[in-house]
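Colleague: below are the sequence and a predicted model for it; my questions follow.
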Amino acid sequence: MATAEQVQELVAAVQSLNLEVRNLNQEVQNLKVENTVLRQLVANREPNSSNLPPMPLSLGKFDGTSKHLKEFIEASNVHFAFRPTTFSTDLSKVGFVISNMTGNALAWANPLVMTYDPVLRDWGALLARFKQTFVRPEIKFMACEELLEVHQGQMDLLSYITRFKRLATEAS
């Protein structure tokens, strides 16, 4: 038979074990909540654009042909928008655009690079000079004339608006 002292020791040990089990159960609950939160964070995580290397433009390199200038600039801007950390500086944008040039366009850009022209550090300034060089005046003139004569006619409204915006951009 157990003595009163032994019974008290057993009761104290059981109480201590019960307390430890309650603490462990609470910790398990906390870990379950933390695990759920972490799983949601991982599931909702978007790819980090800084880990994405610049990709070549889908329309290929710009060769200096005026009719492809607008698409080239738009594709470049879309590329910049989807990789904001990669293209966080004007210099990175300019470098990317020049690396996607060939032919006459690259021949135009080479002297800028060789002389470390300050325009290389200013995307807006390079873009203005770029347009000045590669937009043919007759395209602008034709767009202005066509803009004056545009009317909806049989076109649906969306097509009309799209055509109007395109001509207005070319005319400006």
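Modeller: Looks like it came in fine.
Colleague: from Phe80, how far out is the closest residue to Lys93 other than its chain neighbours?
Modeller: Counting by Cβ to Cβ, 6 or more residues apart in numbering, Lys93 lies nearest to Trp123, which is 4.5 Å off, once chain neighbours are set aside. For glycine as for every other residue, the C-beta is placed from the backbone atoms N, C-alpha and C. Note on Trp123: its distance to Phe80, by Cβ to Cβ, to the nearest Å, is 9 Å.
Colleague: same question for Gln132.
Modeller: 21 Å.
Colleague: these two: who's more crowded?
Modeller: A direct count of neighbours by other Cβ atoms under 10 Å for Gln132 and Phe80 places Phe80 higher, at 18 against 8.
Colleague: can you pull the buried residues of the host helix or strand of that one?
Modeller: Phe80 belongs to helix 66-82 when assigned by DSSP states H and E. Buried positions in helix 66-82, judged by neighbour count with 16 or more other Cβ atoms under 10 Å: His68, Leu69, Lys70, Phe72, Ile73, Ala75, Ser76, His79, Phe80.
Colleague: which residues sit against the following helix or strand past that helix?
Modeller: Next helix or strand after helix 66-82 toward the C-terminus (DSSP H and E): helix 90-99. Helix 90-99 is contacted by residues 54, 76, 79-80, 86-87, 106, 109, 112-113, 119-124, 126, 130 when judged by Cβ atoms under 8 Å, 6 or more residues apart in numbering.
Colleague: mind checking the longest helix of the protein?
Modeller: helix 4-44 (DSSP state H).
Colleague: that helix: how far from the chain's middle?
Modeller: Taking Cα atoms, centre = their mean, to the nearest Å, one finds the center of helix 4-44 at 46 Å from the center of the full chain.
Colleague: sorry, back to before: could I have the buried ones of the contacts of helix 90-99 as ChimeraX selection syntax?
Modeller: Typed into ChimeraX, the next command selects the buried ones out of these (criterion: 16+ other Cβ under 10 Å):
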select :76,79,80,86,87,106,109,112,119,120,122,123,126,130
